[in-house]
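Peer 1: sequence below, structure please.
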Amino acid sequence: MLIGFLLLLAVLSCTKDPYEIGFDLLPPSDTLNVRTTDTCTVEAFSVRQDSVRSDKIASLILGSMVDPVFGKTTAGFYSQVLLSSEEIDFGKNPVLDSIVLQLAYNGYSGDTTTRQHLKVYELSDDLHYDSLYFTNQHIATYPTVLADQDFVPHLSDSVSIYGEKIAPHLRVNLGKLTSYLGNKILQAPISTLATNSEFIKFFKGLYVASSPVSSKGALLNFNLTKGISKVVVYFHNGNDPANDSLHYDMYLSQSCARFVTIDHNGYLDASQDLKQQILNHDSARGAEKMFLQGMGGVKVKLKFPFMKDFAQGKIVAVNDAVLQFRNDETDTTYSPPPTLLMVRQDSVGRIGYLVDDNEGSAYFGGSYNKTSKSYSFRLTQHMQNILQKAYSNHFDLYIMVNSPLTSSVTPNRVVLTGTQGQLPGKESSRFQLKMTYTVLN
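Peer 2: Take a look at the predicted model:
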């Protein structure tokens, strides 16, 4: 009786979309033709991602790392430095003792036993808080090197400063090579110290650059919220020798304009499998394995070339469509991304989100399942739209670690099973689309 009623309703309700009629009311045991397939043709392969936004990033990134699969990556950052108080007065005769950049550690990816090297420069070009900056950008600096030093990260060792223990952080001496910056600040005109808006015109900020390592290495994250990341000017009053322990703090904080710049060295040091796909554009290699990397690195391009002809003239309602794929690596040195995202891009380069994404991440997916070492995305509405030819523009899908539309830069990466690959002992572990659908006529 239920089936007869619903079919009658489908005939009489001319205003209803035939793809939607009674769909969510029909149990699988009904006589309507419910089918499941995992043989839909999926074309997927890795391509380079030009860049992603990195302005107003939550953590600054610095360091260099050589990954056996993805090759060499080197990161640095640009940031304003803001006064901790306005209308500061350093006195009539301030004499510089030292000037130090402090950066509070906030995690890492890679090997922290490797010795790293950095250089620091003063910006000659303005940073703007409301501007967009990307991981492939650079801005102008003065040629004077303010710091040029090696360091080995110590992320768990507190630092003693004048007898007080401070949480683990990197210390960079900005006055060892030249006293220029410290004296510039101490001798600044009163007007430039009156407000931060005037100060950042006078001192535009710092560029902290890393030198590439030859092996191993790490990418280091630095926290901007604990008050440890700052530039400290140590000085004394030349007219009062007894007063020799003065200092003034200037902060690198969330209020600073800032961005991270990333260099992947053209992937010249990457594995041959990766280079074949992203440098030689051998898309057929995606059948074996694929690669994803954050920091504006590597993304996966995805196509369903025959999906629009899937219905073959019939009216088909998509019950469920899930794209699933697995981590192909056994090495646990490098952490896979905790979440991935999927976006669409049309033929003129415009990027947008998928209709299923509007249902929220619990429905849409993208999170890493540690137990099965897999990811999945639900594309039910998207596939229904393709069958109904609802899209006027052609576009491809892309799976990414970091979005090009928002400021999120993470060093996570993963190697995936290909569209024809399969993990030993794991049936159906290939990169595939599983779809359940109902033929309505």
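Peer 1: what's next to stretch 101-111, contact-wise?
Peer 2: 59-60, 62-63, 65, 67, 120, 147, 153, 155, 167-172, 174, 206, 208, 216-224, 226, 228-232, 252, 334-335, 411-412 (C-beta atoms under 8 Å, 6 or more residues apart in numbering). Placement of C-beta: from N, CA and C, glycine included.
Peer 1: what subset of these is buried?
Peer 2: 59-60, 62-63, 65, 67, 120, 147, 153, 169-170, 172, 174, 206, 208, 216-224, 228-232, 252, 334, 411-412 (16 or more other C-beta atoms under 10 Å).
Peer 1: show me the shaky parts of the protein.
Peer 2: 1-32, 163, 241-244, 421-428 (pLDDT under 70).
Peer 1: domain parsing for it?
Peer 2: 12-41+271-439, 59-266 (automatic domain parsing).
Peer 1: just say helix, strand or coil for residue 286.
Peer 2: Secondary structure assignment for residue 286 (DSSP: H, G, I helix; E, B strand; the rest coil): helix.
Peer 1: what's the spacing between it and residue 396?
Peer 2: 13 Å (C-beta to C-beta, to the nearest Å).
Peer 1: more neighbours: these two, which one.
Peer 2: Shown here are residue 286 and residue 396; by other C-beta atoms under 10 Å, residue 286 has more neighbours (25 against 15).
Peer 1: and residue 156, how many neighbours does it have?
Peer 2: 9.
Peer 1: is it true that it touches residue 168?
Peer 2: Yes. Using C-beta atoms under 8 Å, residue 156 is in contact with residue 168, at 6.0 Å.
Peer 1: now do the contacts for residue 380.
Peer 2: 318, 319, 320, 321, 356.
Peer 1: so who does residue 200 touch?
Peer 2: Taking C-beta under 8 Å, 6+ apart as the definition, contacts of residue 200 comprise 80, 82, 126, 127.
Peer 1: gap between the second one and residue 57?
Peer 2: When distances are taken as C-beta to C-beta, residue 82 and residue 57 turn out to be 16 Å apart.
Peer 1: surely residue 46 touches residue 274?
Peer 2: Yes. Taking contacts as C-beta under 8 Å, residue 46 lies within contact range of residue 274: 7.1 Å.
Peer 1: now stretch 75-88, how far from the centre of its chain.
Peer 2: 24 Å (C-alpha atoms, centre = their mean, to the nearest Å).
Peer 1: span of that stretch from start to end?
Peer 2: End-to-end distance for stretch 75-88: 34 Å, by C-alpha to C-alpha, to the nearest Å.
Peer 1: returning to that earlier point: reformat the domains of the chain as JSON lines; add distance to residue 50.
Peer 2: Formatted as JSON lines, those follow (distance: least, C-beta to C-beta, whole Å):
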{"stretch": "domain 12-41+271-439", "distance to residue 50": "7"}
{"stretch": "domain 59-266", "distance to residue 50": "6"}
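Peer 1: select, out of these, the one closest to residue 52.
Peer 2: The closest of the domains of the chain to residue 52 is domain 12-41+271-439. By C-beta to C-beta, the value is 4.3 Å.
Peer 1: name every strand pairing with the longest strand seen in the chain and say which way it goes.
Peer 2: With secondary structure taken from DSSP state E, the chain has its longest strand at strand 94-110. Sheet pairing of strand 94-110 (DSSP bridges) gives strand 169-173 (antiparallel), strand 217-223 (antiparallel), strand 230-237 (antiparallel).
Peer 1: who touches the shortest one?
Peer 2: So the one you mean is strand 169-173. Outside strand 169-173, the residues touching it (C-beta under 8 Å, 6+ apart) are 98-105, 118, 120, 147, 149, 151, 153, 159, 208, 220, 222, 228-229.
Peer 1: measure the residue nearest to residue 126 when sequence neighbours are not counted to residue 92 for me?
Peer 2: Nearest non-adjacent residue to residue 126, counting by C-beta to C-beta, 6 or more residues apart in numbering: residue 204, 5.7 Å away. Distance of residue 204 to residue 92, given as C-beta to C-beta: 27 Å.
Peer 1: more neighbours: which of the two?
Peer 2: Set residue 204 next to residue 92 and count neighbours by other C-beta under 10 Å: residue 204 wins out with 22 against 9.
Peer 1: wait, is the more buried one part of a helix?
Peer 2: No. Residue 204: not assigned to a helix; according to three-state DSSP it is coil.
Peer 1: is it true that it touches residue 128?
Peer 2: No. With contacts counted by C-beta under 8 Å, residue 204 stays clear of residue 128, the gap being 10.4 Å.
Peer 1: for the chain, just list every one of the helices.
Peer 2: 2-12, 180-186, 196-202, 272-278, 361-364, 380-387 (DSSP state H).
Peer 1: list the buried residues of the shortest one.
Peer 2: Judged by neighbour count (16+ other C-beta under 10 Å), helix 361-364 contains these buried residues: residue 364.
Peer 1: swap in the third one?
Peer 2: The neighbour-count check on helix 196-202 (16+ other C-beta under 10 Å) flags 196, 199, 200 as buried.
Peer 1: mind putting these into CSV with distance to residue 111?
Peer 2: Converted to CSV, the buried residues of helix 196-202 look like this (distance: C-beta to C-beta, whole Å):
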residue, distance to residue 111
196, 38
199, 38
200, 36
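Peer 1: residue 418: which of these is nearest?
Peer 2: residue 200 (49.4 Å).
Peer 1: measure that closest one to residue 82 for me?
Peer 2: Counting by C-beta to C-beta, the gap from residue 200 to residue 82 is 7 Å.
Peer 1: repeat that for residue 237.
Peer 2: Taken as C-beta to C-beta, the span from residue 237 to residue 82 is 24 Å.
Peer 1: looking at the two, which one has more neighbours?
Peer 2: The neighbour comparison of residue 237 against residue 82 (other C-beta under 10 Å) goes to residue 82, with 22 against 16.
Peer 1: is it true that the more buried one touches residue 256?
Peer 2: Yes. Using C-beta under 8 Å, residue 82 makes contact with residue 256 at a distance of 5.8 Å.
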